[in-house]
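>>> Give the three-dimensional model of this entry:
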Amino acid sequence: MNPEPSTKQFYEAYWSEAVPAPTRDPWRPIRWKLLRDQLDRTALAGNRLLDCGAGEGSLLAEAQRWGLEAVGLEISDRAAERARALHGCCRIIVHSVERRPWPVPSGTFDVVVALEVIEHLLLPRELVIGAYEALRPGGYLALTTPYHGVLKNLALAVKGFDRHFAAEGPHVRFFSDPALRRLLEQTGFHMRALQHFGRLPWLWAGAFVWAQKA
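Numbering: from 1, shown residues only. Reported below is the predicted structural model:
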């Protein structure tokens, strides 16, 4: 099964909105800080970053300000057009992260980033395997996704279920911490850090994972 045509149509429409949802995301600065903190703590052998689901290129531009060589993968032509208009120096390749092989050289990136991407995928394992293939030995994968734990799930069951698990919403996968760990370990990664952020303890907004290619 190849999910790309309908998925691509969805995200072309999504990125045609005047102000797409990621632009309004209040947790984005926190995600970027968590990523930057891990980059600062880690002695990378190089400085090449691949951003999966690059959207309108904001993280690519930020990574360049951090002194990194940044490349993006993005399924939407419209998003890539917005990125080039907003950040002229951004390099974005229009390609689905669910379709391998990715059009980037294997084993050449120091860090692959996928912030708020994996929950949108019908084939999330393809993202993780693609990241493994793109990374050099010992390279790192950073990803975030909405947090789902027992207490939060109970709260959602009582209030907000239909909104959070919207039948026609963009989120199609919902990950617990153990589910994330299993997926990473099954695809050759070691989880080095798992941090939660946003809202209140046990009702967190999201989970940040920092994993290393074995």
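
>>> what's the residue closest to the geometric middle of the protein?
A114 (2.1 Å; Cα atoms, centre = their mean).

>>> Which element, helix or strand, includes it?
Assessed by DSSP states H and E, A114 sits inside strand 109-115.

>>> which one in the chain is furthest away from the centre?
No residue in the chain sits farther from the centre than V158, which is 28.7 Å out by Cα atoms, centre = their mean.

>>> Please point out which parts of stretch 137-144 sit buried.
G139, Y140, L141, A142, L143, T144 (16 or more other Cβ atoms under 10 Å). Using the backbone N, CA and C atoms, a C-beta is placed for each residue, glycine as well.

>>> got it, and stretch 25-36?
Counting neighbours by 16+ other Cβ under 10 Å, stretch 25-36 gives W27, R28, I30, R31, W32, L34, L35 as buried.

>>> from the chain's centre, how far out does it sit?
12 Å (Cα atoms, centre = their mean, to the nearest Å).

>>> ok so, going back, which elements pack onto the strand holding A114?
helix 28-41, strand 48-52, helix 124-134, strand 135-146 (3 or more Cβ pairs under 8 Å, 6 or more residues apart in numbering; DSSP states H and E).

>>> Tell me which other helices or strands the last one touches.
The criterion is 3+ Cβ pairs under 8 Å, 6+ apart, and the helices and strands that strand 135-146 contacts are helix 28-41, strand 109-115, helix 124-134, strand 206-213.

>>> so what strands line up beside the last one?
Strand 206-213 has the following strand partners under DSSP bridges: strand 135-146 (antiparallel), strand 189-197 (antiparallel).

>>> repeat for the shortest one
With DSSP bridges as the criterion, the sheet partners recorded for strand 109-115 are strand 48-52 (parallel), strand 135-146 (parallel).

>>> about what we covered before: quickly list what the residue nearest to the centre of the chain is bridged to.
L143.

>>> returning to that earlier point: among the strands paired with strand 206-213, which comes closest to E12?
strand 135-146 (23.0 Å; Cβ to Cβ).
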